[in-house]
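In: Below are the sequence and a predicted model for it; my questions follow.
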Amino acid sequence: MNAPSQVAVRQLSYAEAIREAMDLALASDPRVVLMGEDIGVYGGAFQVTGDLVHKYGEDRVMDTPISELGGAGVAVGAALTGLRPIFEFQFSDFATLAMEQIVNQAAKLRYMLGGSVSVPLVMRFPAGSGTGAAAQHSQSLDAWLGHVPGLKVVQPTTPEDAKGLLLAAIDDPDPVMIFEHKLLYKMKGPVPEGHYTTPIGAAALRRKGSDLSIVATSIMVHKALSAAEQLSAEGIEADIIDLRSIRPIDRETVLASVRKTGRLLCVYEGVKTLGIGAEVSAMVAESDAFDYLDAPIIRLGGAECPIPYNPELEKAAVPQVPDILRAARDLVGVRV
Amino acid sequence: MLDPDANIPFAVRHYSPAQLRTALRRMYLIRKFEEGAEESYTRGLIHGTMHLSIGQEASAVASCMSLSDDDKITSTHRGHGHCVAKGADVARMFAEFFGKENGYCRGRGGSMHIADVEKGNLGANGIVGGGIPIAVGAALAAKRLGTGAVTVCFFGDGANNEGAFHEALNIAAVWTLPVVFVCENNKYGMSTSTERSTAVKSIADRAAAYAMPGCSVDGNDFSAVAEAVESAVNRARAGEGPSLIEALTYRWRGHSKSDRNRYRAKEEIAEWIAKDPIPRFAQDLIDHGILSADEVQALDRDTDREIAEAIASARTGADPQASEVTRDVYTGRVA
Amino acid sequence: MPTEVIMPKVDMDMATGKITVWHAREGADVVKSAPLFDIETDKAAMEVESPATGTLRHLAPIGTEIAIGAPVAWIYTQGEVVSDIPATPDVAAPRPTVPASEAAVVETPDTARAGTGPRMTPAARRLAREGGLDPQTLKGTGPRERIQAADVAAVLAPRTPRPPGTGIPLVMIHGFAGDAQTWAAVEAHLPAGQTVITLELPGHGSAPRQPVQDFAQLAALMRREFDALDIGSAHLVGHSLGGAIALALADTRPRRVASVTLLCPAGLGPDLNGPAVRGIAGASKPESLGPWLKTLVADPDVITPNFVQVAAAQRRDPQMRAGQIELVDVLFPDDTQSFDLVAALHRLSCPVRLIWGKRDQIIPWRHALRAPGRAALHLFDNAGHLPQFEVAEEIAGLLQDLR
């Protein structure tokens, strides 16, 4: 017989997977354009667009001036009238400069105009702490945008999903905000070839266990997974749900897991108060899954402070693996 | 070069009698639409406030003279006139004002978000300056897709101090986009005059910062506005980039229905009412033999009737269902 | 009245004391004079002995300043109903004056928060509700003695599922407005080897919500259920309306019925407490259900607020209530038992016994006197219409005598 049919799935980094998705979209759809600051020959602040400008030219991979509000608005207007822009913010923190166009225009135009238009716009936000960039370059503002009807908000955690969610976002007729954790850009993982999409609004069960449900977003999924290994050695088995999408949010996957385990731990990097953990907890409390809770819910979120510079302080400001271990043991009633 | 027609206004020279007749008709229609809206508001038919553009009809209609339905406009909170100028059906506009399901925005937008996408009106905007980057985006799409369309971006003097104005003009210039910025300077951003709010004497001077042509025209002179915009639209269509036109005009009414008019002198208002752009344009058309006085009177009467009928028919429209309050937040169904 | 345990004054100028440790837990049985808790004052620490024998309840929290003379716990005697913290009797002797700044705060123990029952997780509450357990009887092993799902499961486990037993199974049929849960207390006292099959009347418990035209049709539906059971013969046990059904079954399936046990059965006379029956069928909330439930028992105190809450929760389905209201009209028109099974009772050849509470306010126990002489009659002084709940152990004992 021939050579073994088993072909190892190739490994790409998270950044490479995003670039591949944009490459595929640029190649297959002339309406797709990339816009952002220094995404051309510079290759993007995190080298995500890389050398795409050489392949598609400056008309398709467009360096904008340092004008987040103007640039975002231009992307909104272009999406409204036939283009499919993918707008890259250098840092998710700079969304604050463009909030008007994102929240008042992109999110609301379809509704305000009675459904006569769509805004097929993708915005990419490098987010999160851990790079020593301090308070104005390290925030996790996903919940801010998750609060706005009209937007969709996703947070891929693997190279495979980074590509699949971006391709789904490009296909989507509505504005999709993608929060990419900066510390994940270099992470490698298997990425299928060609065009595929990861559904927006569907969580992924990353690990199965019966003792507690850990609902996490972004990089916290990885921290939860490494905590789960250690917990397993102690005889505690965790279900780990990677939300992937916070608007729309996959209610059923969360509730089914809580019904099974009776214990809920939410882990997210954004500031704890009024964050995604509050939403997930309320979702459980408002549903029949409430009757399955066998311990109070625990939320682990970012500290109530800006992200500090000092590396030890920076770590202390967001949940870490030992925090997850402690919370999980607490939930299942193990006293260490 | 000697121009034998130097004493004939540009508009009369440049547009057909039918186009000019339509233009005058639309100016009447705007005036009467605004008066009808005001009357309906008084009768309690309209929920919420509105911003009337009585006195600014010339700049709205003249700015759209060189546009087809494929060309786009972005409009402002004072956008009823722009919508009519771009060819909207006044009955559907009233239906929207009355919150009806058959209104332009199916009762979801109201006065401040009135739009007519089929005619190229991408919508009024409740955020001062909010439409300016969007207009630039529409111009980018037109350029990238090669449609040949031009976008006319309306905004008021208040918007010229918004960051969005400056960022958008800069981007339009560096990318040489087919967009014409029409600033309807009616002297006040709500209550604050341009003298108190704007560092430059003329908003047209802002164009210098973005290396684009800028000119200031009498916004109540139909022909002057039409000529300036026509030239800017031609430039945009030729791929030479954006222009900024300042149309000096005046709103007769207050900023909105809550305005107690504490910042304008009665004399100033009277002075501008005397400069009413509609009889001025009508007289031009009579003087140059385009329309007879009787024809003008007929337009005046016909538009009265058209507005009365539009209001009556709009009142009969169906109200939206409360159960559909979340419809059209997304294009597809979202769980 | 339970015995009050107070913060004792053990020192001359002591105004408040602090409990540093409890030697017995909430719900534990304590013996008089055994060490109960340690206290600490600003001068000394000492052990306090239990003033009574019984079950310890309503413990004051550890580490809180408590005024001397204030109650820190209550000791209940066997069988005494545990409810809210009893009101403290007025103390005649003047209490020591405490400077305002040092005024003691006596915290209400969480376990006795009025109306909410013990500290319990939602999962534990659900399991207890489904298993028909009174939360007051449960002990928590979770943090701060919280009752968790596992605590409830530990109590329920021996009962459900019952391992398949040997011998003739008991087939039990509940009464009007009841369900299979009515037998829970009796089942708890049955030996593990006893097979128990509970049948539910249409429109009750988890049985289909099915309209019934008359008693004959109801009996036919139940006969179909009985026929479908994969058993040879059965000891039939029926309560109230279920007793009438048991009689009807035994009358038509004599070869499959080894014996009949009837608890306060219907069908032996026309008398009936119609208002109570209609009141229970129609009650949609605890406030309207509670007073009627109290008419079912000899001692109304056994119907605790918690019992009412649970019972009301089980009657939440409006479709079920509507069906039962209709059934009252069909079976008990004008507050009269419309069907008569005295003749059927006389035809039975298998062993028959009747069990009745002498204080039954729903169906008079004297209906039992219409039974033939060979039927046995067990009358309980201290029971009403729910002997299976009021004297569960005795009923279980009687059922074990069946062979």
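Out: Great, that's in hand.

In: if I look at the residue in chain B that chain C sits nearest to, how far off is residue C:356?
Out: Closest to chain C within chain B is residue B:323: 23.9 Å, counting by CB to the nearest CB. Where you see a C-beta, it was placed from the backbone N, CA and C, and this is true even at glycine. To residue C:356, residue B:323 is 57 Å away according to CB to CB, to the nearest Å.

In: residue ranges of the strands in the stretch 1-150 of chain C, please?
Out: With strands called from DSSP state E, counting those that start in this stretch, the stretch 1-150 of chain C shows them at C:3-6, C:16-22, C:29-30, C:35-40, C:45-49, C:54-57, C:65-67, C:71-76.

In: need those strands in JSON lines with mean neighbour count, can you?
Out: Below are these laid out as JSON lines (neighbours: other CB atoms under 10 Å in any protein chain shown):
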{"stretch": "strand C:3-6", "mean neighbour count": "20"}
{"stretch": "strand C:16-22", "mean neighbour count": "19"}
{"stretch": "strand C:29-30", "mean neighbour count": "17"}
{"stretch": "strand C:35-40", "mean neighbour count": "19"}
{"stretch": "strand C:45-49", "mean neighbour count": "14"}
{"stretch": "strand C:54-57", "mean neighbour count": "22"}
{"stretch": "strand C:65-67", "mean neighbour count": "19"}
{"stretch": "strand C:71-76", "mean neighbour count": "22"}
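
In: what about the helices in the chain?
Out: I'll assume chain A. Using DSSP state H, the helices found in chain A span residues A:14-28, A:52-56, A:68-80, A:95-99, A:109-112, A:142-146, A:159-171, A:219-233, A:251-261, A:276-285, A:311-316, A:321-332.

In: To clarify, I was referring to chain C.
Out: With helices called from DSSP H, chain C shows them at C:122-131, C:149-156, C:184-188, C:215-228, C:241-252, C:274-282, C:286-294, C:305-314, C:318-331, C:342-347, C:387-390, C:392-400.

In: As a markdown table, these with mean pLDDT and distance to chain B would be great.
Out: Listed next are those as a markdown table, based on pLDDT from 0 to 100; distance: least, CB to the nearest CB, whole Å:
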| stretch | mean pLDDT | distance to chain B |
| --- | --- | --- |
| helix C:122-131 | 87 | 25 |
| helix C:149-156 | 82 | 30 |
| helix C:184-188 | 87 | 41 |
| helix C:215-228 | 88 | 41 |
| helix C:241-252 | 93 | 45 |
| helix C:274-282 | 91 | 33 |
| helix C:286-294 | 89 | 34 |
| helix C:305-314 | 77 | 31 |
| helix C:318-331 | 88 | 24 |
| helix C:342-347 | 91 | 57 |
| helix C:387-390 | 92 | 47 |
| helix C:392-400 | 90 | 49 |
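
In: Check those helices for me and report the most buried one.
Out: Across these, averaging neighbours per residue (mean count of other CB atoms under 10 Å in any protein chain shown) puts helix C:241-252 on top, at a mean of 26.

In: With distance to residue A:87 as new columns, can the helices of chain C be given to me in TSV?
Out: Formatted as TSV, the helices of chain C follow (distance: least, CB to CB, whole Å):
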stretch	distance to residue A:87
helix C:122-131	44
helix C:149-156	49
helix C:184-188	64
helix C:215-228	67
helix C:241-252	71
helix C:274-282	63
helix C:286-294	58
helix C:305-314	53
helix C:318-331	53
helix C:342-347	84
helix C:387-390	69
helix C:392-400	72
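
In: Least reliable of the strands of the stretch 1-150 of chain C by average pLDDT, please.
Out: Within the strands of the stretch 1-150 of chain C, confidence is poorest for strand C:45-49, with a mean of 80 (mean pLDDT).

In: coming back round to it: nearest to residue A:235, of the helices of chain C?
Out: The minimum distance between residue A:235 and the helices of chain C falls on helix C:149-156, with 14.9 Å, by CB to CB.

In: which secondary structure elements does that closest one contact?
Out: helix C:122-131 (3 or more CB pairs under 8 Å, 6 or more residues apart in numbering or on different chains; DSSP states H and E).

In: What's the nearest residue in the stretch 101-250 of chain A when you look at chain C?
Out: Closest point on the stretch 101-250 of chain A to chain C, by CB to the nearest CB, is residue A:211, at 11.8 Å.

In: Tell me which residues touch that residue, please.
Out: A:236-238, A:261, A:263, A:332 (CB atoms under 8 Å, 6 or more residues apart in numbering or on different chains).

In: Check what pLDDT it gets.
Out: So, for residue A:211, pLDDT stands at 92.

In: still on that earlier bit, A strand includes the residue of chain B closest to chain C, no?
Out: No - according to DSSP: H, G, I helix; E, B strand; the rest coil, residue B:323 belongs to no strand; its state is helix.

In: how close does it get to residue C:121?
Out: 37 Å.

In: same question, residue C:2
Out: Distance, residue C:2 to residue C:121, using CB to CB: 27 Å.

In: swap in residue A:104?
Out: Residue A:104 is 44 Å from residue C:121, where distance means CB to CB.

In: cool, and residue B:252?
Out: 69 Å.

In: cool, and residue B:333?
Out: Using CB to CB, residue B:333 is found at 36 Å from residue C:121.

In: which of those two has more neighbours?
Out: Neighbours were counted for residue B:333 and for residue C:121 using other CB atoms under 10 Å in any protein chain shown; residue C:121 has more, 25 against 7.

In: Kindly state the pLDDT recorded for the more buried one?
Out: 91.

In: thinking again about what came up before, how deep is the residue of chain B closest to chain C tucked in, by neighbour count?
Out: 7.

In: shouldn't residue A:119 be in contact with residue A:102?
Out: No - judged on CB atoms under 8 Å, residue A:119 makes no contact with residue A:102 at a distance of 10.4 Å.

In: Which neighbours do the two have in common?
Out: In contact with both residue A:119 and residue A:102: residue A:175, using CB under 8 Å, 6+ apart.

In: quick one, which of those two is more surrounded?
Out: residue A:102 (29 against 25).

In: Next, count neighbours for the residue nearest to residue A:72 when sequence neighbours are not counted.
Out: Of all residues not flanking residue A:72 in the chain, residue A:98 sits nearest, at 3.7 Å (CB to CB, 6 or more residues apart in numbering or on different chains). Residues near residue A:98, counting by other CB under 10 Å, number 26.

In: Could you do the one 10 residues further on as well?
Out: A count of neighbours around residue A:108, defined by other CB under 10 Å, yields 21.

In: Quick one, grab the pLDDT at it.
Out: On pLDDT, residue A:108 comes in at 98.

In: And it, how close does it get to residue B:130?
Out: 10 Å.

In: Check what pLDDT residue C:164 gets.
Out: 61.

In: Same question for residue B:66.
Out: So, for residue B:66, pLDDT stands at 96.

In: That one falls within a strand, correct?
Out: No - with three-state DSSP as the criterion, residue B:66 is coil rather than part of a strand.

In: For residue C:124, give its distance to residue A:238.
Out: Taking CB to CB, one finds residue C:124 at 21 Å from residue A:238.

In: nope, residue C:28 is what I was after
Out: For residue C:28, the distance to residue A:238 equals 34 Å [CB to CB].

In: And those two? Which one has more around it.
Out: residue A:238 (29 against 13).

In: got the contact list for the more buried one?
Out: Residue A:238 neighbours (CB under 8 Å, 6+ apart): A:207, A:209, A:211-214, A:224, A:227-228, A:231-232, A:261, A:265, A:328.

In: What pLDDT is listed against it?
Out: Reported pLDDT for residue A:238: 96.

In: swap in residue B:19?
Out: 98.

In: Touching, it and residue B:65? I think so.
Out: Yes - contact criterion CB under 8 Å: residue B:19 and residue B:65 qualify, at 7.1 Å.

In: So for these two, which sits in the more crowded spot?
Out: residue B:65 (23 against 13).

In: what's the helix or strand for the nearest residue to the more buried one once chain neighbours are set aside?
Out: Nearest residue to residue B:65 in three dimensions, chain neighbours excluded: residue B:226, at 4.8 Å (CB to CB, 6+ apart). Using DSSP states H and E, residue B:226 maps to helix B:222-237.
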